[in-house]
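Trainee: here you go, sequence then predicted model.
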Amino acid sequence: MATAEIPEGWPATEREARAAQDALRTRVVRDEAGPPPGTVRVAGVDVAYDDERDVVAAAAVVLDAATLEVVEEATAVGRVAFPYVPGLLAFRELPAVLAALDALARPPGLIVCDGYGLAHPRRFGLASHLGVLTGLPAIGVAKNPFTFAHAAPAAPRGSASALLDGGEEVGRALRTRDAVKPVFVSVGHRVDLDNACAHTLALTPAHRLPETTRKADALCRAALREALGPPGAQPSPRPSAR
DNA sequence: GCGACAG
DNA sequence: ATCTTGTCGC
């Protein structure tokens, strides 16, 4: 597994982080439809933490467009780069995620994030940020509506309703399983909302969450366990001068 | 000022 | 995110 370093100049305060978002948000591309489902290799990324020991593990799992079979995997471990602050999640997760993506032999054609893209207080969530930094098409599929409003979609899989911030549609509540709580899809970079939803449906043949995030979730947890070592292992063996 | 708040 | 046991269901 790769090692994730915190980049030079990475924001250390909330103020710096918000300024970085305001500077980078202008680079988001929203006028591309993006690759149609089934045409590109899709990567799922996710991160697991042990804040006590200051360890973070990220995983990138690439699936074949048509079969959803895993074609490549990579992980990266490092130190936690930022505390969890709603609206600033990207600063906590991205260094490790970028290291895992860099460890792949070839870049994917689409990245699916566990979280939001456009649906964000400053319209620059995790998926937008990762898309801009990598230049790759990216979407966000979140498990919760965050602070946004939405009407319940109809019961059948495929039904959707607008995810709203005031009167602005920032994403969609999309039902991926009949009568099961919807997921919350938003655009990241170089993909439009209809296509982001189409990809999400293509990635959910059997479960509420996309296969990409399910696989990435399992892999980053395993990587974290491995990095922490067996329970009861000594922290950092101190060299004793005697 | 208070509460809510992706992961 | 993470802490946590069993349990109901496909």
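Mentor: Sure, I can see it.
Trainee: using just helix, strand and coil, how would you label residue A:127?
Mentor: helix (DSSP: H, G, I helix; E, B strand; the rest coil).
Trainee: next up, identify which helix or strand residue A:163 is on.
Mentor: strand A:160-165 (DSSP states H and E).
Trainee: partner strands of that strand, with direction?
Mentor: Looking at strand A:160-165 with DSSP bridges, its partner strands are strand A:149-150 (antiparallel), strand A:168-174 (antiparallel).
Trainee: touching DNA strand B at all, the shortest one?
Mentor: No. Under the criterion of C-beta under 7 Å from any atom of the strand, DNA strand B is not reached by strand A:149-150; the shortest gap measures 11.5 Å. Yep, even glycine has a C-beta here, placed from its N, CA and C like the rest.
Trainee: what does stretch A:202-217 give?
Mentor: No. Under the criterion of C-beta under 7 Å from any atom of the strand, stretch A:202-217 makes no contact with DNA strand B; the nearest approach is 8.1 Å.
Trainee: centre of the chain to that stretch, how far?
Mentor: In terms of C-alpha atoms, centre = their mean, to the nearest Å, the centre of stretch A:202-217 is found 13 Å from the chain centre.
Trainee: now do that stretch: distance from first to last residue.
Mentor: In stretch A:202-217, first residue to last residue: 18 Å (C-alpha to C-alpha, to the nearest Å).
Trainee: who touches the strand holding residue A:163?
Mentor: With C-beta atoms under 8 Å, 6 or more residues apart in numbering as the contact definition, strand A:160-165 has outside contacts at A:119, A:145, A:147-153, A:169-175, A:182, A:184-186, A:197.
Trainee: could you measure from residue A:135 over to residue A:48?
Mentor: Shown here: residue A:135 relative to residue A:48, a distance of 26 Å by C-beta to C-beta, to the nearest Å.
Trainee: who has more neighbours out of those two?
Mentor: The neighbour count for residue A:135 versus residue A:48, taken as other C-beta atoms under 10 Å, is higher for residue A:48 (22 against 12).
Trainee: and that one, which of the three is it?
Mentor: strand.
Trainee: ok, it touching residue A:216?
Mentor: No. Residue A:48 sits out of contact with residue A:216 when judged by C-beta atoms under 8 Å, with a separation of 9.8 Å.
Trainee: what about chain A, any weak spots by pLDDT?
Mentor: In the predicted model of chain A, residues A:230-242 satisfy pLDDT under 70.
Trainee: got a list of what the one residue sitting closest to the centre of it touches?
Mentor: Residue closest to the mean C-alpha point of chain A, counted by C-alpha atoms, centre = their mean, is residue A:113 at 2.3 Å. Residue A:113 makes contact with A:45, A:126, A:127, A:130, A:138, A:139, A:140, A:141, A:188, according to C-beta under 8 Å, 6+ apart.
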